[in-house]
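got a predicted model here, sequence first, then my questions.
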There are 2 protein chains.
Amino acid sequence: MVAAIIEYNKDINSTKDKPIRRLLLHEEIAQRLRWLIFSGELIPEARVQEKDLCDRFNISRTPLREALKVLASEGLITLLPNRGARVTRLTSEDAEELFPVMGALEALSGELACASITDSQIAEIKAMHYQMALHHTRYERQEYFSINQKIHRKILETTGNTILASVYNSLAGRIRRVRYLANIDRARWDQAMVEHAQILAALEARDGVKLAGLLKSHLMRTLAAVKATIEVGSSEKNGF
Amino acid sequence: MVAAIIEYNKDINSTKDKPIRRLLLHEEIAQRLRWLIFSGELIPEARVQEKDLCDRFNISRTPLREALKVLASEGLITLLPNRGARVTRLTSEDAEELFPVMGALEALSGELACASITDSQIAEIKAMHYQMALHHTRYERQEYFSINQKIHRKILETTGNTILASVYNSLAGRIRRVRYLANIDRARWDQAMVEHAQILAALEARDGVKLAGLLKSHLMRTLAAVKATIEVGSSEKNGF
DNA sequence: AAGCAAAATTATGAATTCAAAATTCAATTA
DNA sequence: TAATTGAATTTTGAATTCATAATTTTGCTT
């Protein structure tokens, strides 16, 4: 009995678990706010009223304001001193700055992935790719978009580089809503599928340089589609 | 007189300046905290006591805590719920994740810079380069380091891509202290100067692809030197 | 009725307060 | 004396309060 307790204690001390962190309220709130922005419930340029959100989440202003500061540092919202916070509107210029950076990160992602990806991981992505192709033939935009995201995220995960993933995700967050709403035309969609097939092929061949180039150019072509969406959105005054 | 006032008002309204934002206290505090970390006054792993900093800055805990949340989202400090904040210690693994990302960003930076850099901007960088070379021959490490930073930042600015710059600076911030303290040996230093000469040449030739490759490999070689510093630092328990 | 000015209201920025958790320290026991 | 328990203190997380800036409303003037 005593021995068992001693064993147990030894185990506690020798095994270094990562500390169990009960999450801080402002982090929970920040995550929920991100969802509100991605889902489109919080509209760009619209003022974010602290009181409303406090009531909604049943919290005081302190953790909410902390969360707003974090989102501001991520570029998702803009703080106007004494005049509140508002969801940052993505301009065409922003997109033109964001995509080359995301392109560079995706290229790196592909390069690193090729160096370490396992056969089973490739098989997984391949399965996702065909699932996506199916949605494409069925004109199922939402589902296509969802799996598309998953494939890119899967490649990112494969690299095992958490910093790369977090930086990429942060940037992608800024344009997620626009991409989601992007009403890409059929021609561009077909073209995107061709590009994805090439991407898969390069990944299977573990050709890092090739894959990097494909991902980069894929992103740059997507930029054009997104820019078109932004222009339309702006002129309709229901911007992004 | 009245006319003058009207003129003045018209000017105010017609010219759309970016709003003069009296900076929020937490932003000021966040910036000062960054300096404290970069300068080494705040030691990694050491607990950051809220009270001490509040006394130091003569502010209440509210804006300080907001600033801490922002720094945490930048990765400069780590928040342990109910156990305070501490400066994030850069591990060798962190460096191995950070440098490839920074390399990709620098490569992009070089590529974009070549596409738009003016002759006078090149001349400016060239002047800085020779200034740096002088410090190198004189073994003036701090000055060399300082100009080295400036050159890379100047190339970044040249691209005009503010998002690229801010992402890069955020990542660079995490390793600035280590790089600053990095006691690179003479051989590596000499090698770095050779690489810089090549970088300048590629920039003058506006050879974006070449420059991208050079910057990337330059970063990866720097990684090795930084990793060595981290290892030494850790074993001496005065880590980074 | 339109335009303007002043008062009233509301929202924001930051300090203070309060409750809960962690840490310190002293007393006790083996 | 070393280890452990439990109270006292400190520190943190979050709500509340307070002062000030921004916005809205009201009432006046033309």
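Cool, the structure landed. Not measured: the values here are computed from a predicted model.

tell me what angle the strand or helix carrying A:Leu98 forms with helix B:92-116.
Secondary structure from DSSP states H and E places A:Leu98 in helix A:92-116. Going by axes from the mean of the first three to the mean of the last three Cα atoms, to 10 degrees, helix A:92-116 is angled at 130 degrees with respect to helix B:92-116.

which helix in chain A has the most residues?
Using DSSP state H, we find that the single longest helix of chain A is helix A:208-235.

near chain B, which residues of chain A show up?
A:19, A:21-24, A:26, A:62, A:65-66, A:69-70, A:72-74, A:79-81, A:94, A:97-98, A:100-101, A:103-105, A:107-108, A:112, A:161-164, A:167, A:171 (Cβ under 8 Å from any Cβ of the partner chain). Every residue, glycine included, has its C-beta placed from N, CA and C.

filter those residues down to the buried ones, ChimeraX style.
In ChimeraX syntax, the buried subset of the residues of chain A next to chain B is picked out as below (16 or more other Cβ atoms under 10 Å in any protein chain shown):
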select /A:24,26,65,66,69,70,72,73,74,79,94,97,98,100,101,103,104,105,107,108,112,161,163,164,167,171
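
could you list the low-pLDDT ranges of chain A?
A:1-22, A:183, A:232-240 (pLDDT under 70).

tell me the contacts of the residue sitting nearest the centre point of chain A?
Nearest to the mean C-alpha position of chain A, counting by Cα atoms, centre = their mean, stands A:Asn169 at 3.8 Å. By Cβ atoms under 8 Å, 6 or more residues apart in numbering or on different chains, the residues touching A:Asn169 are A:Arg153, A:Leu156.

if we can go back for a sec, and the contacts of the helix or strand following the helix holding A:Leu98?
For helix A:92-116, the following helix or strand on the C-terminal side (DSSP H and E) is helix A:119-137. The contact list for helix A:119-137 (Cβ under 8 Å, 6+ apart) reads A:141, A:143-144, A:147-148, A:150-151, A:154-155, A:158, A:189-190, A:193, A:196-197, A:200, A:203-204.

quick one: helix A:119-137 to helix A:92-116, angle?
Using the same axes, to 10 degrees: helix A:119-137 against helix A:92-116 is 140 degrees.

list the buried residues for helix A:119-137?
Going by 16+ other Cβ under 10 Å, helix A:119-137 has these buried residues: A:Gln121, A:Ile122, A:Ile125, A:Met128, A:His129, A:Gln131, A:Met132, A:Ala133, A:His135, A:His136.

buried sites along stretch A:84-103?
A:85-90, A:94-95, A:97-103.

list the buried residues in the longest helix of chain A.
Neighbour-count burial for helix A:208-235 [16+ other Cβ under 10 Å]: A:208, A:210-216, A:218-219, A:222-223, A:225-230, A:233.

tell me the residues of chain A that contact DNA strand C?
A:47-51, A:61-62, A:65, A:79-85 (Cβ under 7 Å from any atom of the strand).

what domains does the record give for chain A?
A:16-87, A:92-235 (automatic domain parsing).

closest one to B:Leu36 among those domains?
Among those, the nearest to B:Leu36 by Cβ to Cβ is domain A:16-87 (17.8 Å).

number of nearby residues for A:Tyr139?
Look at A:Tyr139: counted by other Cβ atoms under 10 Å in any protein chain shown, it has 10 neighbours.

hmm, back to that, specify which member of the residues of chain A next to DNA strand C is nearest to B:Arg176.
A:Leu79 (25.6 Å).

these two touch, right, A:Leu79 and B:Leu24?
Yes: if you go by Cβ atoms under 8 Å, A:Leu79 and B:Leu24 touch, sitting 6.6 Å apart.

dump the residue contacts of the closest residue to A:Glu106 other than its chain neighbours.
Closest residue to A:Glu106 apart from its sequence neighbours, by Cβ to Cβ, 6 or more residues apart in numbering or on different chains: A:Leu215 at 4.2 Å. Contacts for A:Leu215 (Cβ under 8 Å, 6+ apart) come out as A:Gly103, A:Glu106, A:Ala107, A:Ser109, A:Gly110, A:Ile199.

from DNA strand D, how far out is A:Leu215?
As judged by Cβ to the nearest atom of the strand, to the nearest Å, A:Leu215 and DNA strand D stand 39 Å apart.

same question, A:Glu27
Relative to DNA strand D, and taking Cβ to the nearest atom of the strand, A:Glu27 is found at 8 Å.

and that residue, which of the three is it?
helix (DSSP: H, G, I helix; E, B strand; the rest coil).

closest to B:Phe38 among the contacts of A:Leu215?
A:Ser109 (29.0 Å).

need the contact list for that closest one.
A:His152, A:Ile155, A:Leu156, A:Thr159, A:Asn161, A:Leu164, A:Tyr168, A:Leu215.

helices - which of these land there?
Those of those lying in helices (DSSP H): A:His152, A:Ile155, A:Leu156, A:Thr159, A:Leu164, A:Tyr168, A:Leu215.

which one (most neighbours) among those residues?
That'd be A:Leu215 among these, by other Cβ under 10 Å, with 28 neighbours.

A strand includes A:Leu90, no?
No: judged by three-state DSSP, A:Leu90 forms no part of a strand; its state is coil.

that one and A:Arg174 touch, don't they?
Yes: counting by Cβ under 8 Å, A:Leu90 does reach A:Arg174; the two are 6.3 Å apart.

now the residue of chain A found nearest DNA strand C: closest residue in space that isn't a chain neighbour?
For chain A and DNA strand C, the shortest gap (Cβ to the nearest atom of the strand) falls at A:Gly84, measuring 2.9 Å. Distance criterion Cβ to Cβ, 6+ apart; nearest residue to A:Gly84, sequence neighbours excluded, is A:Arg47 at 5.1 Å.

how about the CA coordinates for stretch A:150-157, as PDB?
Provided in PDB are the C-alpha atoms of stretch A:150-157 (Å, rounded to 0.1, in the frame of the first residue of the first chain):
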ATOM      1  CA  LYS A 150      -8.700  20.600 -44.800                       C
ATOM      2  CA  ILE A 151      -6.200  19.500 -47.400                       C
ATOM      3  CA  HIS A 152      -4.100  22.700 -47.100                       C
ATOM      4  CA  ARG A 153      -4.200  22.400 -43.300                       C
ATOM      5  CA  LYS A 154      -3.200  18.700 -43.500                       C
ATOM      6  CA  ILE A 155      -0.100  19.500 -45.500                       C
ATOM      7  CA  LEU A 156       0.700  22.200 -43.000                       C
ATOM      8  CA  GLU A 157       0.400  19.700 -40.100                       C
END
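
contacts for it?
A:106, A:109-110, A:113, A:121, A:124-125, A:128-129, A:132, A:164-165, A:168-169, A:196, A:203.

those residues: which two are farthest apart?
A:Met132 and A:Leu164 (22.8 Å).

what's the angle between the longest helix of chain A and helix A:92-116?
Using the same axes, to 10 degrees: helix A:208-235 against helix A:92-116 is 160 degrees.

phi first, then psi, for A:Thr78.
Main-chain torsions, A:Thr78, degrees, to the nearest 10: phi -120, psi 130.

how close does it get to A:Arg89?
A:Thr78 sits at a distance of 9 Å from A:Arg89 (criterion: Cβ to Cβ, to the nearest Å).

and what of A:Gln191?
28 Å.

neighbours around A:Pro44, how many?
Neighbour number of A:Pro44 under other Cβ under 10 Å is 21.

how far away is the spatially closest residue to it that is not a sequence neighbour from B:Val226?
In this structure, A:Pro44 finds its nearest non-sequential neighbour in A:Arg89, 3.9 Å apart by Cβ to Cβ, 6+ apart. From A:Arg89 across to B:Val226, the span is 39 Å (Cβ to Cβ).
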